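**Student:** model this:
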Amino acid sequence: MNKYQRHEAIIRWVNEQGTVRVSEIVSRYNVSDMTVRRDLEELDNQGLLKKIHGGARSNSAFQYKEIAHEDKFDKNTDQKRYIAQRASELIDEGDVIFIGPGTTTALLAEVINYQALSVVTNCLPIFNILLKKKSETFHVYLLGGEMRSVTQSFVGEITNMSLENMRFGKMFFGGNGVKDGIVMTSSVAEAYTQKMALEHSVESYLLLDSSKVGKEDFSKLCHLSDLTAVVMEESNEDKKQAIQVYTELIV
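**Tutor:** From the prediction side, this is the model:
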């Protein structure tokens, strides 16, 4: 079990139990007392739990359940297709872009129609879609590492080491919820990889259907103020511009 897997396991266990002692984590995951204390300090700093004397306390008020990549495709399909089309209009010939895992970003990969592009992704389904478009001037790169079967995306040290040396003009990614200005996803490891790509991108675009506004999930990915814009479906009421600045989504 690597660091990211251990962090996810600790958070789930703390959320299930309410409070867990350091000694219990040491015994359960066969790691040192010092390692556990470092883990709890890091997770507390990320706002994923509350570090207390001798252990950790849950600060989560919801039941964590991650939905598989293929099961998300049937949800809000029309909105996602609209968002993907609008997001594709933000791309220019010759761009170097990163596309994160997700169903809306997979739809973006489908509608991309450019002759000269370099696209990097850590998501296998997205890579397979883009591979069909590959040419002498359309380059596609898949970051390897440890694959999460739920999202079919690669995360962990190998993935992050590859990302460390890359820079992107634009990043397109999804999230499972936005609340209090915070974008959330289901995995600590996946969030870490996404944050690294975000930090290495000049522009960053969150593709988000409105059903996710006001919802929470397992791990903080970033703050809306970190982003260039959020791409959403138009409002049925006033047909607002779909590309919205982040301040409109702080709820």
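**Student:** now residue 210, nearest residue through space, not along the chain?
**Tutor:** residue 232 (5.9 Å; CB to CB, 6 or more residues apart in numbering). All C-beta spots, glycine's among them, are computed from the backbone N, C-alpha and C.
**Student:** Run a quick neighbour tally on residue 17.
**Tutor:** 14 (other CB atoms under 10 Å).
**Student:** who's in contact with it?
**Tutor:** By CB atoms under 8 Å, 6 or more residues apart in numbering, the contact set of residue 17 is residue 58.
**Student:** For it, grab phi and psi.
**Tutor:** phi -90, psi -20 (degrees, to the nearest 10).
**Student:** that older thread, please read off the pLDDT at the residue nearest to residue 210 from the model.
**Tutor:** What the model reports as pLDDT for residue 232 is 90.
**Student:** from memory residue 97 sits against residue 114, does it?
**Tutor:** No - under the criterion of CB atoms under 8 Å, residue 97 makes no contact with residue 114, lying 9.9 Å away.
**Student:** Among those two, which residue is more densely surrounded?
**Tutor:** Set side by side, residue 97 and residue 114 show more neighbours around residue 97, with 23 against 16, by other CB under 10 Å.
**Student:** and the more buried one, bridged to which residues?
**Tutor:** Using DSSP bridges, the bridge partners assigned to residue 97 are residue 119, residue 170.
**Student:** Please name the residues that touch it.
**Tutor:** 91, 117, 118, 119, 120, 168, 169, 170, 171, 172.
**Student:** ok, now residue 59?
**Tutor:** 47, 48, 49, 50.
**Student:** Same question for residue 204.
**Tutor:** 170, 171, 173, 198, 226, 227, 228.
**Student:** about what we covered before: would you list the contacts of residue 97 in TSV and tack on pLDDT and neighbour count?
**Tutor:** Shown next, in TSV, are the contacts of residue 97 (pLDDT from 0 to 100; neighbours: other CB atoms under 10 Å):
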residue	pLDDT	neighbour count
91	97	19
117	97	21
118	98	16
119	98	25
120	98	21
168	98	22
169	97	15
170	98	19
171	98	23
172	98	29
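**Student:** helix/strand/coil for residue 12?
**Tutor:** Three-state call for residue 12 (DSSP: H, G, I helix; E, B strand; the rest coil): helix.
**Student:** I'd like to know how far it sits from residue 227.
**Tutor:** Counting by CB to CB, to the nearest Å, the gap from residue 12 to residue 227 is 28 Å.
**Student:** if we can go back for a sec, touching both of residue 97 and residue 114, which residues are there?
**Tutor:** By CB under 8 Å, 6+ apart, the residues touching both residue 97 and residue 114 are residue 91.
**Student:** Who has more neighbours out of residue 12 and residue 227?
**Tutor:** The neighbour count for residue 12 versus residue 227, taken as other CB under 10 Å, is higher for residue 227 (20 against 14).
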